[in-house]
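Trainee: Just need the structure, nothing else, for what follows:
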Amino acid sequence: MLLTNAAPSAADTVVDTTTGTCTVKATSNAAEIAAQNGYAKGGFAVTIASVADAGSGVATVTGTDTANNPSGGTFGPFQWAVMYNDTAGTTSTRPVIGFWNRGSAITPDSANGDTFTLNFTDASNIVLTIT
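Mentor: Numbers count the residues shown, from 1 in each chain. Sure, this is the predicted structure:
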C-alpha cells in the first residue's frame, strides 16, 4: 500500500516501482510520497483476507490492521492510499488493486506520537475504489 497526495484515477492500472518514487500509471501518474522518517519506498505490506465486490467498481476488503508510525520526523502529506500487488507483473507493471481516499491530507509526525493505521476492523474504513 503506497501513499500519495495526488488523486489516483479509476483508469490507473499499474504501479511503476522502478522510478525514484513509485508512480501510479495509466492516467493520473500519481507519485508516491517521499521515503522518509519511517515511510519506505513502495509503502507498507498489507495482509488481505478477502475481497467482496460491492458493485459499481467498489469492493469491501478485509485483512489485518496495519500501522505505519513516523520516526524521527514526519512523512507526507498524503490523502490517498493505493493498494497494489507487489508480487505480480514486472517491477514497472505491478497491478493496481484499488485506492482509498482518507478525505483530507495528513502529515503524521513522530513528535506528536501520530500513527497512520489502515483499519480493517471497521469495514467503513476500507472500502476501495477498484481499478
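Trainee: quick one: contacts for the residue lying farthest from the centre of the chain?
Mentor: Taking Cα atoms, centre = their mean as the measure, the residue most remote from the mean C-alpha position of the chain is Ala111, 23.2 Å away. Listed by Cβ atoms under 8 Å, 6 or more residues apart in numbering, the contact partners of Ala111 are Gly73. Glycine gets a C-beta too; all of them are placed from N, C-alpha and C.
Trainee: so it, which of the three states?
Mentor: Secondary structure, DSSP: H, G, I helix; E, B strand; the rest coil: Ala111 is helix.
Trainee: Go through the chain and flag its longest strand.
Mentor: In the chain, taking DSSP state E as the definition, the longest strand is strand 94-106.
Trainee: What residues of that one count as buried?
Mentor: By 16 or more other Cβ atoms under 10 Å, the buried positions in strand 94-106 come out as Arg94, Val96, Ile97, Gly98, Phe99, Trp100, Ile106.
Trainee: Keeping just the C-alphas, turn that strand into CSV.
Mentor: Taking C-alpha atoms only, strand 94-106 is exported to CSV below (Å, rounded to 0.1, in the frame of the first residue of the first chain):
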residue,chain,number,x,y,z
ARG,A,94,2.7,-4.0,-10.6
PRO,A,95,-1.1,-4.3,-10.9
VAL,A,96,-3.2,-1.7,-9.0
ILE,A,97,-6.0,-3.3,-6.9
GLY,A,98,-7.7,-0.2,-5.8
PHE,A,99,-7.3,3.1,-3.9
TRP,A,100,-8.7,4.7,-0.8
ASN,A,101,-9.4,8.4,-0.1
ARG,A,102,-9.0,9.4,3.6
GLY,A,103,-10.9,12.6,2.9
SER,A,104,-8.1,15.2,3.5
ALA,A,105,-4.4,15.3,3.6
ILE,A,106,-2.4,14.5,6.7
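Trainee: Skipping its backbone neighbours, what lies nearest Pro108 in space?
Mentor: Asp114 (3.8 Å; Cβ to Cβ, 6 or more residues apart in numbering).
Trainee: On the pLDDT front, check Ala105 for me.
Mentor: On pLDDT, Ala105 comes in at 92.
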